[in-house]
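*Asks:* Need the 3D shape of this:
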Amino acid sequence: MSKHHLGEFEEIVLLTVAILHDEAYGIAIIDEMENRLERKVSIGALQTVLRRLEKKGYLTSKFGEATQVRGGKRKRYFFITAFGKKVLAEVKEQRLALWNAIPRIVFNN
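*Replies:* Below is the predicted model of the structure:
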């Protein structure tokens with residue numbers, strides 16, 4: 001068992017940041033999650049988890065350039081750290097081990 005615990009929403013956010021790579025900012029993350037998972041995501045819940053993941057060292061962030069489209073407001077871009085990648089890999093292995101432990105008969109009905 002890993003010593004690092006990720007909640008479901010934290011895992012989904014980390015995976016989405018990895019999917020978006022250099023384009024992972026608030027609204028893009030929400031759009032990606034909602035499109036892929038067909039589930040609503042509030043900006044408040046996302047911001048809380050992004051800050052928690054950054055505090056744990058799984059993500060890092062930086063501000064992009066100000067744009068006129070956003071009225072001069074800068075986007076905060078998020079990036080998965082090497083530690084975050086390691087934790088995601090551990091979680092993936094745990095989940096696969098659980099799936100692989102299910103007897104075939106369970107799904108043959």
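*Asks:* Next up, phi/psi of the residue nearest to His4 when sequence neighbours are not counted, please.
*Replies:* Distances taken as C-beta to C-beta, 6 or more residues apart in numbering place Val87 nearest to His4, at 4.6 Å, with adjacent residues excluded. For glycine as for every other residue, the C-beta is placed from the backbone atoms N, C-alpha and C. Here is the backbone geometry of Val87 (degrees, to the nearest 10): phi -60, psi -40.
*Asks:* Just give me the neighbour total for Val87.
*Replies:* The tally of other residues near Val87 (other C-beta atoms under 10 Å) stands at 24.
*Asks:* residues in contact with it?
*Replies:* With contact taken as C-beta atoms under 8 Å, 6 or more residues apart in numbering, Val87 is in contact with 2, 4, 6, 14, 58.
*Asks:* now swap in Glu32 and tell me
*Replies:* Contacts for Glu32 (C-beta under 8 Å, 6+ apart) come out as 16, 19-20.
*Asks:* so for the helix or strand in which it is found, what's the average pLDDT?
*Replies:* Glu32 is part of helix 26-37 when elements are defined by DSSP states H and E. For helix 26-37, mean pLDDT rounds to 96.
*Asks:* Let's see it as PDB, backbone CA atoms only.
*Replies:* Only the C-alpha atoms of helix 26-37 are listed here, as PDB (Å, rounded to 0.1, in the frame of the first residue of the first chain):
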ATOM      1  CA  GLY A  26      -8.800  26.600 -13.900                       C
ATOM      2  CA  ILE A  27     -11.500  26.700 -16.700                       C
ATOM      3  CA  ALA A  28      -9.600  24.400 -19.000                       C
ATOM      4  CA  ILE A  29      -9.400  21.800 -16.200                       C
ATOM      5  CA  ILE A  30     -13.100  22.100 -15.500                       C
ATOM      6  CA  ASP A  31     -14.000  21.900 -19.200                       C
ATOM      7  CA  GLU A  32     -11.800  18.800 -19.700                       C
ATOM      8  CA  MET A  33     -13.200  17.100 -16.600                       C
ATOM      9  CA  GLU A  34     -16.800  17.800 -17.500                       C
ATOM     10  CA  ASN A  35     -16.400  16.700 -21.100                       C
ATOM     11  CA  ARG A  36     -14.600  13.500 -20.200                       C
ATOM     12  CA  LEU A  37     -16.500  12.500 -17.100                       C
END
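*Asks:* No more questions from me, cheers.
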